[in-house]
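**Student:** whatever this is, show me its structure:
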Amino acid sequence: MKSVKLALQIAAVYIGTIVGAGFASGQEVYQFFGQYGRWSAVGICAATCLFAWWGYHLLALGANWSAASFRDVTASALPRWLARGVDVMIIAMLLGTTTAMLAGTGALFREQLHAPYALGVICAMAVASITTAFGVRGLMGANALIVPLLCLFALGLALATLADPAKRWAVFHPHAAHPSVFAALLSAILYAAMNVGLSMGVLVPLGGKLNQERRALRLGAAFGALGLGALLAALTATLFAHAPEAYTYAVPMGRIAALYPRGVTLLFIALLFGEIYSTLVGNLYSLIGERTVTKRRRFGYAALLLLACALFTPFGFRAIVQYGYTAFGWIALWLLVLLTLSRRTLKTR
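**Tutor:** Below you'll find the predicted structure:
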C-alpha cells in the first residue's frame, strides 16, 4: 500500500512536470496530435508507451547511482567531452522553457485578468522560488493538488463534449490538416522525447532520492504515462469537437472554456497558472537538484535563475513554443537514444 501511494505521488510529479502551459492551453496538443485527425489515436498510444519506458529508465538510472542531479548520470554514461556538451544542452532547454513559462504567466495576467504583465512574472517568480526551497517535498506538494484538478477538468470537458450528439459526431469524424499515420507517429516520438528529455532533471534526482523504492518507481512511471495518455486523449477529443474554429486561437482550450459558464473559464485560468507554476518548480528542481541542502540556498539559487530568465521574457511565450519545442524534441530524442544505447549506461534493475 505504501509503494502504491508513493507511486501515485511520483506519477503526479511526472505529469505535473510535463503538463505545462503549452499542454494545458491545447496548442501543443493540436500541433503534435490533433492536426493528424483519426491518426492521433495511434500517436497518443505510441507516446504513452514511450512515456512509461523512458520515464522508468531515467528513474532507475537515478536510483542506481543515488544521483543528486542529471549531471551524475551523464557523467557516468558518456565520455567526459560528450557529457559536458549534453549538460549544456539540457540546461539551455530548461532555461528556455523556464523563460517561456514566465512569459506565459505575464501574458495570462495581461489578457485574462487585465493586470500588468510584470505582475504575473513577479508572482510566478515568488511562488516558484518559495516552493523550490523545500526540495523534493516542495516538488511533490506542488503537484499533489494541481494534477488531479487538471485531470478532472479535462475529463469533465471531454464528457460534456461527448454528451452532445453533434459534438460526438465531430469527435469520431475529426477534421485533419495532415492525415498521415507516419507523420503522426514521428510527431508522437518527438513529443515524448521532448517532454521526457526536459523532465530528466526531475526524474533522475527523484529516482536517486527514492532509490530503495524500486516497485514504486516502476509503478509511478506506468501511472504517470497512463495519466498523460488519458489527458492527451481527453484534450484531443475536446479539440476535435470544436475544430477547426478553435484552432484559430493561440489558446484553443481557453476559447472552448469561454463557451461554458463563467466559473469554468475562471477554473481554466487558475489551472493554466497552476500548470505554469508546476513546470517552473520542476525546471528549477532540475537545475538546482538535491545537493543544495539548505532552504535558504535553494531559495537564493531559484530566485537568481528566475531573475536571469525574466530578462528574456519580452521574446514571448508563443515564439518559444512555436520555434523551440520541435528543436528541443530532436535534441532530446538524440540524447535519450544515446543514454539508452550507451555501453557505459548503468543497468536498470
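**Student:** show me what secondary structure element comes after the lowest-mean-pLDDT helix or strand in the chain.
**Tutor:** One helix or strand of the chain scores below all others by mean pLDDT, DSSP states H and E: helix 21-25, with a mean of 68. Remark: after helix 21-25, the chain's next helix or strand is helix 27-32, criterion DSSP states H and E.
**Student:** could you list the residues in contact with that next one?
**Tutor:** Under the criterion Cβ atoms under 8 Å, 6 or more residues apart in numbering, residues 22-23, 43, 187-188, 190-191, 232, 235-236, 239, 247, 250-252, 321, 325 lie in contact with helix 27-32. For the C-beta atoms, the positions are set from N, CA and C on the backbone; glycine is no exception.
**Student:** show me which of the residues you listed are buried.
**Tutor:** 22-23, 43, 187-188, 190-191, 232, 235-236, 239, 247, 251-252, 321, 325 (16 or more other Cβ atoms under 10 Å).
**Student:** need the three-state assignment for Ala176.
**Tutor:** Per DSSP: H, G, I helix; E, B strand; the rest coil, the secondary structure class of Ala176 is coil.
**Student:** so which of the buried ones among the contacts of helix 27-32 are in strands?
**Tutor:** Using DSSP state E to define strands, no part of the buried ones among the contacts of helix 27-32 is located there.
**Student:** buried ones in stretch 274-284?
**Tutor:** Going by 16+ other Cβ under 10 Å, stretch 274-284 has these buried residues: Gly274, Glu275, Ile276, Tyr277, Ser278, Thr279, Leu280, Val281, Gly282, Asn283, Leu284.
**Student:** please enumerate the helices of the stretch 1-150 of the chain.
**Tutor:** Using DSSP state H, counting those that start in this stretch, the helices of the stretch 1-150 of the chain run over 2-18, 21-25, 27-32, 40-65, 70-77, 80-112, 117-132, 135-162.
**Student:** which among the buried residues of stretch 274-284 gets closest to Trp53?
**Tutor:** Gly282 (20.1 Å; Cβ to Cβ).
**Student:** please name the residues that touch the closest one.
**Tutor:** Neighbours of Gly282 in contact, by Cβ under 8 Å, 6+ apart: Val13, Gly16, Thr17, Leu139, Ser199, Gly201, Val202.
**Student:** hmm, which of those residues is lowest in pLDDT?
**Tutor:** pLDDT across the contacts of Gly282 is lowest for Leu139, at 60.
**Student:** how far away is Leu307 from Ala128?
**Tutor:** Distance from Leu307 to Ala128, counting by Cβ to Cβ, to the nearest Å: 12 Å.
**Student:** tell me which of the two has more neighbours.
**Tutor:** Higher neighbour count among Leu307 and Ala128: Ala128, with 30 against 12, using other Cβ atoms under 10 Å.
**Student:** my understanding was that the more buried one contacts Leu305; is that so?
**Tutor:** No. Using Cβ atoms under 8 Å as the test, Ala128 is too far from Leu305 to be in contact (9.6 Å).
**Student:** quick one on the thing from earlier: out of the buried ones among the contacts of helix 27-32, name the ones that lie in helices.
**Tutor:** Judged by DSSP state H, these include 22-23, 43, 187-188, 190-191, 232, 235-236, 239, 252, 321, 325 as members of helices.
**Student:** farthest pair within the residues you listed?
**Tutor:** The widest separation within those (Cβ to Cβ) is 20.1 Å, between Leu190 and Pro252.
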